[in-house]
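Asks: Structure for the following, please:
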Amino acid sequence: MAEQERVSDVWADPSVTWPRLDILTAALFALVCVPLHASVGLAAELAIVVLALALAVRRRSWRLMSALAVAAGAIQLVAGQTAYFADLAYAPLFFTIGRHADRRVRLAGLVVAALASVTGALNVVFNPDRAVQAGTGLTLAVSILATTALAAVICMGGWAAGFIRWQNQQAIQARIDAQLDAVERRRLAELYDLEQERRRIATDMHDVVAHSWAVVAAQADGARYSLAQNPQRVEQSLDIIAATARTAIGDLRALVARLRDPAATTAHAGEGTAYGLPSAGTLRQADLVAQMRASGMSLDMTELGEPASSALLTLTAHRLLAESLTNALKHGDLSETVVVQQDWRDGYRLRVINTVGERSDLGTGHGLLGMAERAAVAGGRATSRRDGDHWIVDVDIPRDPS
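Replies: Predicted coordinates for the structure are as follows:
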């Protein structure tokens with residue numbers, strides 16, 4: 001049973017099956033054609049055997065096949081013995097050349113096919129049979145034309161059929177390649193979208209955690225200092241801490257939902273929500289400013305124009321302002337006023353200026369990188385730099401992405 005399966009597998013292999021079928025076909029060709037041309041002569045029978053060998057090796061070596069085919073034709077031409085029925089074998093031989101992958105081989109095969117057609121006519125001229133010899137010049141001309149046409153049909157027709165087969169294979173391969181390219185492009189696009197989503201989630205996670213814990217830390221410090229002298233201030237700080245923690249929990253839940261099911265991410269323009277963060281619509285800039293002022297920050301706010309109707313732009317503006325003020329709260333000198341300038345008249349522009357100390361690592365955090373990426377998503381740019389004792393954040397989104 002195992003031996004039968006092994007033999008079946010061998011015959012199922014195209015690299016083994018086709019040569020064996022060619023050998024079988026060549027053997028049948030020789031067995032049929034040799035007796036049919038026994039009366040023609042020994043040279044014709046020898047040419048048939050050579051043609052059979054050419055058929056047997058045509059899928060193995062086109063060079064050997066071509067050499068054997070030329071040899072068979074030469075034998076017939078020199079001996080003056082034409083195996084007319086057996087010469088039909090030239091059709092599959094030229095078919096093999098016509099479908100060859102190398103353009104030079106195909107062109108050479110076309111030239112040889114044309115020469116073979118002419119050679120058939122020359123064979124009639126130099127080796128006419130008895131009927132032609134006994135006929136008139138018209139009979140000779142008709143015989144030449146008929147032989148040339150038949151040779152052209154066999155040789156050039158076989159080559160043309162092979163060439164058409166090659167073209168069809170190329171067209172099929174081109175379609176397959178195009179489909180594979182489309183699949184690969186879709187795969188790369190999906191990977192790119194996943195990477196972009198991962199970056200957005202990482203940015204949102206940083207914004208949520210950094211902002212929330214900066215506010216919580218500032219309020220906790222203030223509450224500790226006011227514990228004995230100002231209990232009312234402590235109660236206010238605890239209220240802010242609780243509200244900030246609840247907001248952060250809601251944001252983190254939304255982020256976890258995005259991680260589990262990215263398709264669940266929605267955008268509610270009425271709430272100013274995007275990227276699946278519902279708190280982004282409810283935490284208006286007024287709430288943000290109130291949080292910062294309650295944390296001990298002195299703000300000088302200037303706003304020009306009306307906020308945009310685009311949910312993406314309003315969320316981007318809120319996040320960029322929140323990150324800028326969070327950095328000022330964490331690293332800045334809160335004894336100095338933080339200057340905020342917003343301009344909605346042509347897209348969105350933001351400038352935040354706060355006083356900093358002697359620290360030199362203010363421009364190396366993930367928050368600044370996230371600000372640049374978030375602004376780029378909205379079609380703009382965000383830059384941060386140190387200018388003496390001041391840290392300056394500039395945001396420029398020149399067009400409304402909606």
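Asks: following the longest helix anywhere in the chain, which helix or strand shows up next?
Replies: Longest helix of the chain, by residue count under DSSP state H: helix 137-226. Next along the chain after helix 137-226, taking DSSP states H and E as the criterion, comes helix 231-260.
Asks: Next, the buried residues of that next one.
Replies: Across helix 231-260, burial judged by 16 or more other C-beta atoms under 10 Å covers 233-234, 236-237, 240-241, 244, 247-248, 250-252, 254-255, 258. No exception for glycine: its C-beta is placed from N, CA and C like everyone else's.
Asks: distance between the longest helix of the chain and the chain's centre?
Replies: Chain-centre distance of helix 137-226: 4 Å, with C-alpha atoms, centre = their mean, to the nearest Å.
Asks: Likewise for stretch 232-240?
Replies: The answer for stretch 232-240 is 56 Å, by C-alpha atoms, centre = their mean.
Asks: How about stretch 76-88?
Replies: On C-alpha atoms, centre = their mean, the centre of stretch 76-88 falls 56 Å from that of its chain.
Asks: Also stretch 330-342?
Replies: 47 Å.
Asks: buried sites along it?
Replies: Lys330, His331, Gly332, Leu334, Glu336, Val338, Val339, Val340, Gln342.
Asks: what bits of the stretch 151-300 of the chain have low per-residue confidence?
Replies: 206-207, 210-211, 213, 219, 222-223, 225-228, 233, 258, 261-284 (pLDDT under 70).
Asks: State the distance from Ile172 to Trp391.
Replies: To Trp391, Ile172 is 63 Å away according to C-beta to C-beta, to the nearest Å.
Asks: who has more neighbours, those two?
Replies: It is Trp391, of Ile172 and Trp391, that has more neighbours when counted by other C-beta atoms under 10 Å, with 24 against 10.
Asks: Phi and psi next, for the closest residue to the more buried one other than its chain neighbours.
Replies: Spatial nearest neighbour of Trp391, excluding adjacent residues (C-beta to C-beta, 6 or more residues apart in numbering): Val356 at 4.7 Å. Main-chain dihedrals, Val356, degrees, to the nearest 10: phi -130, psi 170.
Asks: give me the number of residues near Val356?
Replies: For Val356, using other C-beta under 10 Å, the count is 19.
Asks: So for stretch 19-29, what gets flagged as buried?
Replies: By 16+ other C-beta under 10 Å, the buried positions in stretch 19-29 come out as Asp22, Ile23, Thr25, Ala26, Phe29.
Asks: helices and strands around the helix or strand hosting Glu45, which ones?
Replies: Per DSSP H and E: Glu45 is located in helix 42-57. On a contact count with 3 or more C-beta pairs under 8 Å, 6 or more residues apart in numbering; DSSP states H and E, helix 42-57 meets helix 14-36, helix 62-79, helix 90-98.
Asks: Show me what the mean pLDDT comes to for the second one.
Replies: It refers to helix 62-79. Averaging pLDDT along helix 62-79 yields 89.
Asks: Buried residues in that helix, which are they?
Replies: Trp62, Met65, Ser66, Leu68, Ala69, Ala71, Ala72, Gly73, Ile75, Gln76, Leu77, Ala79.
Asks: closest to Leu188 among those residues?
Replies: Among those, Trp62 lies closest to Leu188 (C-beta to C-beta), at 39.5 Å.
Asks: State whether that closest one and Val105 are indeed in contact, as I suppose.
Replies: Yes. The criterion here is C-beta atoms under 8 Å, and Trp62 meets it with Val105 at 6.7 Å.
Asks: Between these two, which contacts overlap?
Replies: Ile97 (C-beta atoms under 8 Å, 6 or more residues apart in numbering).
Asks: Now do the contacts for the spatially most central residue of the chain.
Replies: The residue lying closest to the centre of the chain (C-alpha atoms, centre = their mean) is Arg185, at 2.1 Å. Shown in contact with Arg185 (C-beta under 8 Å, 6+ apart): no residues.
Asks: got it, and Ala101?
Replies: With C-beta under 8 Å, 6+ apart, Ala101 has these contacts: Trp166.
Asks: On the three-state scheme, it is what?
Replies: Here Ala101 takes the coil state, with states given by DSSP: H, G, I helix; E, B strand; the rest coil.
Asks: Quickly find the element holding Asp396.
Replies: Asp396 belongs to strand 390-397, assigned by DSSP H and E.
Asks: That strand packs against which elements?
Replies: helix 311-331, strand 348-355, helix 366-377, strand 381-387.
Asks: Between those, which has the poorest mean confidence score?
Replies: When I compare the helices and strands packed on strand 390-397, helix 366-377 is least confident, with a mean of 78.
Asks: relative orientation of that one and strand 390-397 in degrees?
Replies: Per axes from the mean of the first three to the mean of the last three C-alpha atoms, to 10 degrees, the angle that helix 366-377 makes with strand 390-397 is 20 degrees.
Asks: Tell me the predicted confidence for Leu24.
Replies: At Leu24, pLDDT is 91.
Asks: Also the one 10 residues further on?
Replies: Val34 is assigned 90 on the pLDDT scale.
Asks: Report the separation between the closest residue in space to Val78 that isn't next to it in sequence and Leu28.
Replies: Excluding the flanking residues, the one nearest Val78 by C-beta to C-beta, 6+ apart is Ala43, at 7.7 Å. Distance, Ala43 to Leu28, by C-beta to C-beta: 22 Å.
Asks: next one: Arg185
Replies: Counting by C-beta to C-beta - Arg185 and Leu28 are separated by 50 Å.
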